[in-house]
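Asker: here you go, sequence then predicted model.
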Amino acid sequence: MSRLALIACLPLLLLLAACGGDGDDNGDDGDNSSDQGQDGATVTPTPKLVASPPPAGDDDPLLTYGTAESPYTPTLAQFQELPHTTIDAGGEKEGVSLAELASQAGAPEGTMVTIQGTRRDGRRIQFVRESLSEIGAQSVLVVEDGRLSLYSSVLGEDQWLTNVLVVSFP
């Protein structure tokens, strides 16, 4: 039930994040304080790992994808029935392409795609927003231990995600 509640809230978060800011984000949150170690050196705290959602069972919702007007939440079994594509992303990866999801969702041509998941190091939630025409056919969602991971032959590995829960075509 908690997984369903989490997935139900994510489209709202995705829409809020898609609204964006003024584009003047330099990564400075205004907090210039730093912790000092015993020897006077600056100590940078290590971010804690983001909690992973529980693995999905065959009848559990896996992710929410589609447009804001018509989101779709397939179960793990339904997702695995979608057509698969194989790409070369640090080795062969077989999964459902973003282009296939866009087609299933009825997303218009030339649209942007936003994917929300956890960075590969597990330390932060990350959004990837790119043109579907540039990454759609070369990026796949792969089911790994009941969770989705994003791999791509055109995105850098620093943009590959684990625990993908939302794919939006705004």
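Answerer: Nice, thanks for sending it over.
Asker: mind listing the strands for this structure?
Answerer: Assigned strands in the chain, in chain order: 35-36, 42-43, 64-66, 71-72, 85-88, 92-97, 112-119, 125-131, 139-144, 147-152, 161-168 (criterion: DSSP state E).
Asker: in stretch 145-162, what's buried?
Answerer: R147, L148, S149, L150, Y151, S152, L155, Q159, W160, L161, T162 (16 or more other Cβ atoms under 10 Å). Glycine gets a C-beta too; all of them are placed from N, C-alpha and C.
Asker: from R120, how far off is the fifth one?
Answerer: Taken as Cβ to Cβ, to the nearest Å, the spacing of Y151 relative to R120 amounts to 10 Å.
Asker: save the strands of the chain as TSV, and put in mean pLDDT and distance to A105 too.
Answerer: Listed next are these as TSV, based on pLDDT from 0 to 100; distance: least, Cβ to Cβ, whole Å:
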stretch	mean pLDDT	distance to A105
strand 35-36	54	46
strand 42-43	72	46
strand 64-66	81	4
strand 71-72	86	6
strand 85-88	96	16
strand 92-97	96	12
strand 112-119	94	10
strand 125-131	94	16
strand 139-144	95	13
strand 147-152	95	16
strand 161-168	92	8
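Asker: need these in CSV (columns: distance to P55).
Answerer: Shown next, in CSV, are the strands of the chain (distance: least, Cβ to Cβ, whole Å):
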stretch, distance to P55
strand 35-36, 36
strand 42-43, 36
strand 64-66, 17
strand 71-72, 21
strand 85-88, 23
strand 92-97, 16
strand 112-119, 14
strand 125-131, 18
strand 139-144, 9
strand 147-152, 6
strand 161-168, 10
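Asker: closest one to P54 among the ones you listed?
Answerer: Nearest to P54, of all those, is strand 147-152, at 8.8 Å by Cβ to Cβ.
Asker: which residues does the closest one contact?
Answerer: 52-53, 55-56, 62-63, 79, 87, 89-90, 93, 95, 115, 117, 128, 135, 138-142, 159-165 (Cβ atoms under 8 Å, 6 or more residues apart in numbering).
Asker: again, only this time at 6 Å
Answerer: 55, 63, 89, 93, 115, 135, 138-142, 160-164 (Cβ atoms under 6 Å, 6 or more residues apart in numbering).
Asker: top of the residues you listed by neighbour count?
Answerer: Among those, S139 has the most neighbours (other Cβ atoms under 10 Å), with 30 neighbours.
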